[in-house]
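Participant: let's see this in three dimensions:
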Amino acid sequence: MNINDLELFILVAEQGSFAKAAESLNTRRALVSRRIAELEKQLGASLFTRTTRAMSLTPSGELYLEQVAPLLKQLKNASFVFKNRYNEVQGRVRIGLLPFADKMLDQQIASFVHSYPQVQLDITVITGGFKDIARLGLDLVIDINQPRDSQFTSKTLLNFERKIYASPSYLEKSSVIETLEDLQYQSSLGFRGANGLVEEKWNFQQATITAHHKVICSDYNTLYNLCLGGAGITLLPEIIVHKAVENKLLVNVLPELSAGFSDLNLIYPYDANLSHATKVLIEHLSNPA
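Facilitator: Here you go, the predicted structure:
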């Protein structure tokens, strides 16, 4: 049922003729008549009695008008309140994102931007996690570490798994990878954490191996791009590579292996005087549609 057709039905009932309704809408009488006829067909009942001199509501039309008019008024009021509620949210929110978090939250952030056009998101790429809130004057950060400090509130946004990936071009040139032991003879791309420590060993549920890193990087985005380019194999969060895997740009090597799960957390000061825009963003990211 088209809401525009219901509004047209009410207008015709108020004007008392198709011609007057068409004139007020700056459209053709025939178009108004056809849309009303389609509405009657959907309802299975005549809404108007048509004569050469006048037009009036049928008993079914009067009953339908009585039911529909207040419902449409309520719908318009709800839309007005909803629209104004969103328009009230304005200002700037300063966010700290880990270098790879944008790939995990791109859809949620895009949804927020479209829903709250008067809010400006000021995004800074961080390496110090929640400690950067005070240092950089941020409202909140997205981090994989959980703060032990009671001054911070933390909410888990999502859980991601790390697995081994390589490009088809790398696999064509490398030795065959069929077992866990074969990984030790590959060119690996290693990750350096925010604490400065390099992930020298890859810990899987089945076993732990020592990886021989040809490249070390503290940014998953860079590891992702180097992996795409065929520089070597690496551990990456599944959530940021699934599109590349679907498009056959990357391959999940030994898919039975998992380096475990980690959380992506939204962190902000516990007693901070958060702006309305910041509170709405926190709610939006914490409860994705």
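Participant: from here on, contacts and neighbour counts on C-alpha atoms
Facilitator: Will do.
Participant: look at the residue lying farthest from the centre of the chain and give its secondary structure.
Facilitator: Within the chain, the residue lying farthest from the chain centre (CA atoms, centre = their mean) is residue 53, at 56.9 Å. Under DSSP: H, G, I helix; E, B strand; the rest coil, residue 53 falls in the coil class.
Participant: separation between it and residue 15?
Facilitator: 14 Å (CA to CA, to the nearest Å).
Participant: tell me which residues in the lengthiest helix in the chain are buried?
Facilitator: The residue-count maximum for a helix in the chain (DSSP state H) belongs to helix 59-88. Buried residues in helix 59-88, defined by neighbour count with 16 or more other CA atoms under 10 Å: 61, 64-65.
Participant: same deal with stretch 5-22?
Facilitator: Result for stretch 5-22 [16+ other CA under 10 Å]: buried residues 6, 8-13, 16-19, 21-22.
Participant: mind picking the two most distant members of the residues you listed?
Facilitator: 6 and 19 (17.1 Å; CA to CA).
Participant: quick revisit: helix or strand right after the longest helix of the chain?
Facilitator: Using DSSP states H and E, the helix or strand that follows helix 59-88 in sequence is strand 91-97.
Participant: pull out the buried residues from the next helix or strand after that following strand.
Facilitator: As assigned by DSSP H and E, the chain's next helix or strand after strand 91-97 is helix 101-115. Along helix 101-115, these residues count as buried under the neighbour rule (16+ other CA under 10 Å): 101-102, 104-105, 108-109, 112.
Participant: report the helix or strand with the lowest average pLDDT across this protein.
Facilitator: helix 59-88 (a mean of 77; mean pLDDT, DSSP states H and E).
Participant: that helix to helix 101-115, inter-axis angle?
Facilitator: 130 degrees (axes from the mean of the first three to the mean of the last three CA atoms, to 10 degrees).
Participant: list the contacts for residue 97?
Facilitator: By CA atoms under 8 Å, 6 or more residues apart in numbering, the residues touching residue 97 are 123-126, 141-143.
Participant: buried subset of these as a ChimeraX selection?
Facilitator: The following ChimeraX line selects those of the contacts of residue 97 that are buried, judged by 16+ other CA under 10 Å:
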select :124,125,126,141,142,143
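Participant: the stretch 101-250 of the chain: helices as residue ranges?
Facilitator: Secondary structure of the stretch 101-250 of the chain (DSSP state H, counting those that start in this stretch): helices located at 101-115, 132-136, 168-173, 220-228, 238-246.
Participant: nice, that's everything, thank you.
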